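**Q** Below: sequence and its predicted model.
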Amino acid sequence: KDNSLQVYILKPGWKEFVQRRVLGRFQCSQCFREWSSAKAHILFHMCWHQDWGEVRMRPFRQVCRQCMDPQPEEPKFSQETVERVLHNLVLKILKYFYRVSIQTSKLLEVVVDLQVVGPHDSTRCEGCQLGVC
């Protein structure tokens, strides 16, 4: 996990994958309010070194809308969501570093298993602030 990763800013030899529109659940560490967002995103940077690979990830955080001085909160994901995101990440690794032809249809859609109401609050979303949303 690396919260310093930036979209489109890569070290030489690194590749990028953004898993967009993932259902994330958040909880404020100050007031303990909980909320869900269907616009949680995860940024991956990956690189193949001579004998090993490295993947860094940055889940984009959100802040509570009720607290006066909110802290950015990490999303939590369901087991099914994690499995689908990892499936997609493996496909991207195969494409980028093993030159395996991957059809876009093989990427799994990350299913939103909960009805999320209300508009996305882009002013409180780290992904929006960084131009991912």
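**A** Great, that's in hand. Numbers count the residues shown, from 1 in each chain.

**Q** contacting residues for the residue nearest the centre of the chain?
**A** Centroid-nearest residue in the chain, with Cα atoms, centre = their mean: residue 42, separated by 1.1 Å. Contacts were defined as Cβ atoms under 8 Å, 6 or more residues apart in numbering; by that measure residue 42 touches 18-19, 22, 57-60, 85. In short, each C-beta sits where N, CA and C put it, glycine included.

**Q** can I assume it sits in a helix?
**A** No: Residue 42 is assigned strand when assessed by DSSP: H, G, I helix; E, B strand; the rest coil, not a helix.

**Q** quick revisit: of the contacts of residue 42 - the most surrounded one?
**A** Among these, residue 60 has the most neighbours (other Cβ atoms under 10 Å), with 27 neighbours.

**Q** now the helices: where do they sit in the chain?
**A** 79-98, 126-129 (DSSP state H).

**Q** Out of those, indicate the one that is most buried.
**A** Stretch with highest mean neighbour count among the helices of the chain: helix 126-129 (a mean of 18; mean count of other Cβ atoms under 10 Å).

**Q** Who are the packing partners of that helix?
**A** Counting contacts by 3 or more Cβ pairs under 8 Å, 6 or more residues apart in numbering; DSSP states H and E, helix 126-129 is packed against strand 34-48.

**Q** Between helix 79-98 and the strand it packs on, find me the angle.
**A** 20 degrees (axes from the mean of the first three to the mean of the last three Cα atoms, to 10 degrees).

**Q** among the helices of the chain, which is nearest residue 69?
**A** helix 126-129 (16.1 Å; Cβ to Cβ).

**Q** Would you pull up how far that closest one lies from the middle of the chain?
**A** 11 Å (Cα atoms, centre = their mean, to the nearest Å).

**Q** ditto for stretch 54-62
**A** Put simply, stretch 54-62 sits 6 Å off its chain's centre (Cα atoms, centre = their mean).

**Q** from now on call the first residue 369
**A** Happy to do that; since the first residue is 369 now, the last one works out to stretch 422-430.
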